[in-house]
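**Q** Structure for this input, please:
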Amino acid sequence: MNAGSAVKFFLASAAIIAIASSPKAFSKDFKAGVVDVEKVYSSYEKVKQSTSDLQSERKPKQEQYDRMIEEIKKMEDDYKAKASKMTLSERKSTESKIKAKKLEAQSFLEETNATLLEKNRAITQQRLKEISDTIQEYAKANNFDVVFDKKNLPYFSSTIDITDAIIAKLNKK
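**A** Numbers count the residues shown, from 1 in each chain. Coordinates of the predicted model:
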């Protein structure tokens, strides 16, 4: 168990102990639910659409990068074929052009990846907020006292699993 998992487990355990020690915890009025947030995320249609949109955005950028790499390879092949007939000045000039093209391609790749990574991060945060808000709405509407994430619980009865209800609610929006 890594440190992050240990902290999450400790926090979940502390929450369970705090809830279990409350007077309402053992009354018939106490209502708990469990949701598999990872399953909700992977089943959420907006997540699937966002992923598809990002892949569609990445494709032309990848094609552009591939063309740049092909151009560099062609420049290198031409240089190798003609280098012996070039003057020192021509060789240095061609080498400099190839190096500049490689730097341009590398910069393009890094910029593209950074942009797409930031978009992915922002979209992921938005979708996770939508999921969290939906879980809270569902819990309030159905009088739940607490809803746990499945990954933090070693055992729970399937009768308190509200994952499918959350997925259905999200995908209706």
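**Q** Report the secondary structure state of F156.
**A** coil (DSSP: H, G, I helix; E, B strand; the rest coil).
**Q** when you give positions from now on, start the count at 50
**A** Taking 50 as the first residue, the last one we looked at is F205.
**Q** Just to check, it is in contact with V83?
**A** Yes. With contact defined as C-beta atoms under 8 Å, F205 reaches V83; the gap is 4.8 Å. Every residue, glycine included, has its C-beta placed from N, CA and C.
**Q** Looking only at neighbour counts, state which of these two leads.
**A** Taking other C-beta atoms under 10 Å, F205 and V83 do not tie; V83 has more neighbours (20 against 13).
**Q** before we move on, back to that, which neighbours do F205 and V83 share?
**A** Listed as contacting both F205 and V83 by C-beta atoms under 8 Å, 6 or more residues apart in numbering are 197, 199.
**Q** now K178: how far from I211?
**A** Note on K178: its distance to I211, by C-beta to C-beta, to the nearest Å, is 18 Å.
**Q** correction: E112
**A** As judged by C-beta to C-beta, E112 and I211 stand 44 Å apart.
**Q** For the residue sitting nearest the centre point of the chain, give me the pLDDT.
**A** Geometric centre of the chain, nearest residue: T173, 5.6 Å, by C-alpha atoms, centre = their mean. What the model reports as pLDDT for T173 is 95.
**Q** Which positions within the helix or strand hosting I215 qualify as buried?
**A** Assigned by DSSP states H and E, I215 belongs to helix 212-221. Under the neighbour-count criterion of 16 or more other C-beta atoms under 10 Å, helix 212-221 has 212, 215-216, 218-219 buried.
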